[in-house]
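**Q** from the sequence below, what's the structure:
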Amino acid sequence: MGFLDELENNLKALESRDERDPEKQRREQDAREAARLEALKRIPHIDALKKGPFTEQLLTSCRKIGHGMRTLVQFTWLDSTLRLDAKEKRLELRPTADGVQAVYFVNGVEQRNEMLDLNSDAEAFARRWLEGTAQ
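**A** Here you go, the predicted model:
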C-alpha cells in the first residue's frame, strides 16, 4: 500500500503544480479572451439572422416551395444556428464573426459552404437550395 499512496501523493502534487503554473494560466486566460471577442463579433450577425426580414422570408418561401414539391421543410433553432431539413437535404445557417455561413448537407454529409448575404433575395435562395440548383 505504501507504493500506491506515494504514487497518489506524487500525482496530486503534479496536479497542484500545474494549477499554479502562471504560464498555463496565462494561456488559458488568453484563450478565454479570444473566445469572448469572437462571440462579441458574432452578436450582430446572430441578431440579424434571428430578427431580420431575410429569415422570415426564407421560412415562408421554404414552406411555399416545399409544399409545391410535396416536401416538408422542418426548421430548428440550435442556439444561434438555424437548421432547415427537407428530406435528405439539410441547410445550416451559422452566424460567424464575418457574417452568416450557409452549410449544405446531403444525407448528413457536408457538400459545401458559402457566406450568405442577408440582404439578398430569400425566395431565390430557398428555391436554389430546395430544387438543388445551388452550386
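
**Q** for the chain, what's the longest helix?
**A** Selection of the longest helix in the chain by residue count, based on DSSP state H, yields helix 22-51.

**Q** any idea which residue sits dead centre in the protein?
**A** In the chain, the residue lying closest to the centroid (CA atoms, centre = their mean) is residue 94, at 4.4 Å.

**Q** which residues are contacting the helix or strand of the chain with the lowest mean pLDDT?
**A** When each helix and strand of the chain is scored by mean pLDDT, DSSP states H and E, helix 2-20 comes last, with a mean of 77. With CB atoms under 8 Å, 6 or more residues apart in numbering as the test, helix 2-20 has contacts from residue 24. C-beta: built from backbone N, CA, C; applies to glycine.

**Q** thought residue 63 was touching residue 73?
**A** Yes: assessed by CB atoms under 8 Å, residue 63 is found in contact with residue 73 at 6.3 Å.

**Q** next secondary structure after the helix or strand hosting the residue nearest to the centre of the chain?
**A** Residue 94 belongs to strand 89-96 when assigned by DSSP states H and E. Next along the chain after strand 89-96, taking DSSP H and E as the criterion, comes strand 99-106.

**Q** now that following strand - C-alpha only, CSV.
**A** Extracted in CSV, the C-alpha atoms of strand 99-106 (Å, rounded to 0.1, in the frame of the first residue of the first chain):
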residue,chain,number,x,y,z
GLY,A,99,-21.2,37.0,-41.4
VAL,A,100,-23.6,34.2,-41.8
GLN,A,101,-22.3,31.0,-43.3
ALA,A,102,-24.6,28.6,-45.2
VAL,A,103,-23.6,25.0,-44.9
TYR,A,104,-25.2,22.5,-47.2
PHE,A,105,-25.6,18.8,-46.4
VAL,A,106,-27.0,15.8,-48.3
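
**Q** so between residue 63 and residue 73, which is more surrounded?
**A** residue 73 (23 against 14; other CB atoms under 10 Å).

**Q** right, and that one touches residue 130 too?
**A** Yes: using CB under 8 Å, residue 73 is in contact with residue 130, at 7.3 Å.

**Q** between those two, which contacts overlap?
**A** Going by CB under 8 Å, 6+ apart, residues that sit against residue 73 and also against residue 130 are 62, 65, 66, 86.
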